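K.L.:
Structure for this input, please:
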Amino acid sequence: MLEHLLILDIETVPGVEQFSMLAEGWQRLWLDKISKTVPENISAEESYQQKAGILAEFGKIICISTAFFYQDEHKQWCLRMKSIYGDDERSVLQSFVALCDKMYQHHKNFQFAGHNIREFDIPYICRRLLIHQLPLPSYLQLHDKRPWEVKMFDTLSWWKFGDNKNYVSLHLLANVLGIPTSKTDMDGSMVKDVYYKERDIERIAEYCQRDVVVTANVILRFHNIPLLPDSCVQVISG
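P.N.:
Next up is the predicted model:
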């Protein structure tokens with residue numbers, strides 16, 4: 001089972017740095033989008049800074065970190081990771097699909113795995129593919145599937161145990177399960193500024209990779225398997 005999983009996490013930012021940089025028509029579209037969900041005392045600029053990155057219509061993907069499990073010669077579970085990142089979102093998406101195609105060739109029944117990927121990461125990727133007029137591969141054609149037909153290992157869904165009112169962040173879940181956390185020098189709220197102000201996308205990719213390792217360890221904990229030692233985590237560059 002574990003070797004059929006492709007673990008992923010994405011990092012997103014607003015499509016442009018400031019609300020004022022949007023064309024007038026897009027400013028009106030933004031105001032219409034958030035009119036029913038943002039308090040009236042929040043300005044358009046503030047709401048854009050807070051929300052644009054998580055909305056696929058107004059944000060973009062700058063990093064997708066992926067990983068898969070394998071066993072070494074001692075039957076120890078290990079993790080091989082690769083991050084795809086850059087300013088050109090179309091290129092990031094194309095490289096991600098190429099990686100998934102290779103996984104699909106070796107494991108026809110592979111599943112995406114991650115934390116809250118069912119409601120965020122995978123739909124976001126699909127929407128951005130369509131926005132860039134890129135074809136949806138068969139394993140991402142989920143729009144006409146019933147919920148039980150979509151096979152994903154979502155650690156958030158696992159933790160809910162049928163309680164759909166419950167939400168838990170990856171950070172909290174890791175702490176509850178005694179797993180070393182990925183929240184060290186930055187957290188998700190800092191990604192936008194690290195990207196637009198510090199121009200340090202490599203730092204974002206490293207942060208994204210740490211989240212993937214945490215997710216992998218959560219999956220192992222769910223299966224009552226020992227956590228990954230640092231020596232069993234390999235990052236593939238290029």
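
K.L.:
Tell me how many other residues crowd Val233.
P.N.:
Look at Val233: counted by other CB atoms under 10 Å, it has 17 neighbours. C-beta coordinates here come from the backbone N, C-alpha and C atoms, glycine included.

K.L.:
That one against Trp77, yeah?
P.N.:
No: using CB atoms under 8 Å, Val233 makes no contact with Trp77, being 10.6 Å away.

K.L.:
as a whole number, average confidence for the helix of greatest length in the chain?
P.N.:
If you go by DSSP state H, the chain has its longest helix at helix 201-222. Helix 201-222 carries an average pLDDT of 96.

K.L.:
Walk me through which strands the helix or strand following it pairs with, and which way each runs.
P.N.:
Toward the C-terminus, helix 201-222 is succeeded by strand 233-236 as the next helix or strand (DSSP states H and E). The sheet places strand 233-236 alongside strand 77-85 (parallel), with pairing taken from DSSP bridges.

K.L.:
What are the buried residues along the strand it pairs with?
P.N.:
Neighbour counts over strand 77-85 (16 or more other CB atoms under 10 Å) mark 77-79, 81-85 as buried.

K.L.:
Just put the residues you listed in CSV and tack on distance to Phe58 and pLDDT.
P.N.:
Listed next are the buried residues of strand 77-85 as CSV, based on distance: CB to CB, whole Å; pLDDT from 0 to 100:
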residue, distance to Phe58, pLDDT
Trp77, 39, 96
Cys78, 38, 97
Leu79, 33, 97
Met81, 29, 97
Lys82, 28, 97
Ser83, 24, 97
Ile84, 22, 98
Tyr85, 20, 98
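
K.L.:
which pair in these spans the largest distance?
P.N.:
The most widely separated members of the buried residues of strand 77-85, counting by CB to CB, are Trp77 and Tyr85 (25.8 Å).

K.L.:
Now for the residue lying closest to Tyr85 once chain neighbours are set aside, how many residues are close by?
P.N.:
Nearest residue to Tyr85 in three dimensions, chain neighbours excluded: Cys63, at 3.8 Å (CB to CB, 6 or more residues apart in numbering). Other residues within reach of Cys63, judged by other CB under 10 Å, total 24.

K.L.:
And the pLDDT at Cys63?
P.N.:
98.

K.L.:
and the gap between the nearest residue to Leu220 once chain neighbours are set aside and Leu130?
P.N.:
Excluding the flanking residues, the one nearest Leu220 by CB to CB, 6+ apart is Leu227, at 5.9 Å. In this view, Leu227 and Leu130 are 38 Å apart by CB to CB, to the nearest Å.

K.L.:
More neighbours: which of the two?
P.N.:
Between Leu227 and Leu130, counted using other CB under 10 Å, Leu227 has the larger neighbour count: 17 against 13.

K.L.:
And Trp158, which helix or strand is it part of?
P.N.:
helix 155-160.

K.L.:
all helices for this structure, in order.
P.N.:
Under DSSP H, the chain gives helices at 24-34, 44-51, 89-106, 122-131, 155-160, 170-176, 191-196, 201-222.

K.L.:
Just the residues contacting the fifth one, thanks.
P.N.:
Counting by CB atoms under 8 Å, 6 or more residues apart in numbering, helix 155-160 makes contact with 113-116, 118-119, 166-168, 170, 173, 215, 218-219, 222, all of which sit outside it.

K.L.:
tell me which residues of that helix are tucked away?
P.N.:
Those buried within helix 155-160 under the rule 16+ other CB under 10 Å are 155-157, 159.

K.L.:
Next: the first one.
P.N.:
Taking 16+ other CB under 10 Å as the neighbour-count basis, helix 24-34 is seen to contain the buried residues 26, 30, 33-34.
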